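> Predicted coordinates and the sequence they were generated for:
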Amino acid sequence: MKLKKFGSTEQRIYELAAPIVTELGYLVWDIRYEKEGASWYLRIFIDSETETISINDCEKVTGPISDMLDEKDPIAQSYILEISSAGLERDLIRESHFDACVGCVVRARLIRPIDGCREMVGTLTDWNKEQITLETENGAAEIPFNALAFVKLYFEFE
């Protein structure tokens, strides 16, 4: 797994959208500008420090963001705008995600098993650009990024 950085379009959208999202009481978790089939998608994932994100929250953000994008026109080609929740079991793919999730329980899937284990659940206690450190029920585990398939927040459904 490699840490991802914003592309130039994503960075430009972040700079335009973040103040609006923040003013509405939310956080920008991620922005992805992706091509799927023949269509381009601009996906803005929002979060809240205090509450879960509902469809009403997404609707509340969509109007002002759409208006700003129409006015500023930062993307030349046509695209589909989607505003959504980052989700309970969101992917951690950027440095800001790992910073925000230190102390949280995560699920790490390995590319190849280490000591017979291909998946670990534990508290993210530390990370740097080379590895993450999890506190698991079996003790601390340091896992290199190049051994990871993915890292996600973990939520145990009952």
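That came in fine, so what should we check first? Numbers count the residues shown, from 1 in each chain.
> could you measure Glu158 against Glu23, distance?
Note on Glu158: its distance to Glu23, by C-beta to C-beta, to the nearest Å, is 36 Å. Using the backbone N, CA and C atoms, a C-beta is placed for each residue, glycine as well.
> Those two: which is more packed in?
Using other C-beta atoms under 10 Å as the criterion, Glu158 and Glu23 rank with Glu23 on top: 9 against 2.
> Contacts only, for the more buried one.
Going by C-beta atoms under 8 Å, 6 or more residues apart in numbering, Glu23 touches no other residue.
> For it, give its distance to Lys72.
Distance, Glu23 to Lys72, using C-beta to C-beta: 16 Å.
> What of Ile31?
Applying C-beta to C-beta, the value for Ile31 to Lys72 is 15 Å.
> now the strands: where do they sit in the protein?
Using DSSP state E, the strands assigned to the chain run over residues 27-36, 39-47, 80-85, 105-114, 117-127, 131-136, 139-144, 148-153.
> For Ile31 and Lys72, indicate the residue with more neighbours.
A count of neighbours by other C-beta under 10 Å puts Ile31 above the other of Ile31 and Lys72, at 20 against 11.
> Okay, and the beta partners of that one?
For Ile31, the beta-bridge partners are Ile44 (DSSP bridges).
> start at 885 instead
Taking 885 as the first residue, the last one we looked at is Ile915.
> Touching, it and Ala901? I think so.
Yes. In this structure, Ile915 is within contact of Ala901 by C-beta atoms under 8 Å, at 7.1 Å.
> any shared contact partners between those two?
Ile928.
> give the contact list for Ile1016.
Shown in contact with Ile1016 (C-beta under 8 Å, 6+ apart): Phe982, Val990, Ala992, Leu1008, Asp1010, Glu1026, Ile1027, Phe1029, Leu1032, Val1035.
> from those, which single one is nearest Thr936?
Ranked by distance to Thr936 (C-beta to C-beta), these are led by Val990 at 18.2 Å.
> How much space separates the closest residue to Ser950 other than its chain neighbours from Lys919?
Once flanking residues are discounted, Ser950 sits nearest to Leu965: 6.0 Å by C-beta to C-beta, 6 or more residues apart in numbering. Plainly put, Leu965 is 15 Å away from Lys919 if you go by C-beta to C-beta.
> do the same with Thr906
28 Å.
> Repeat that for Ala960.
On the measure of C-beta to C-beta, Ala960 and Lys919 end up 14 Å apart.
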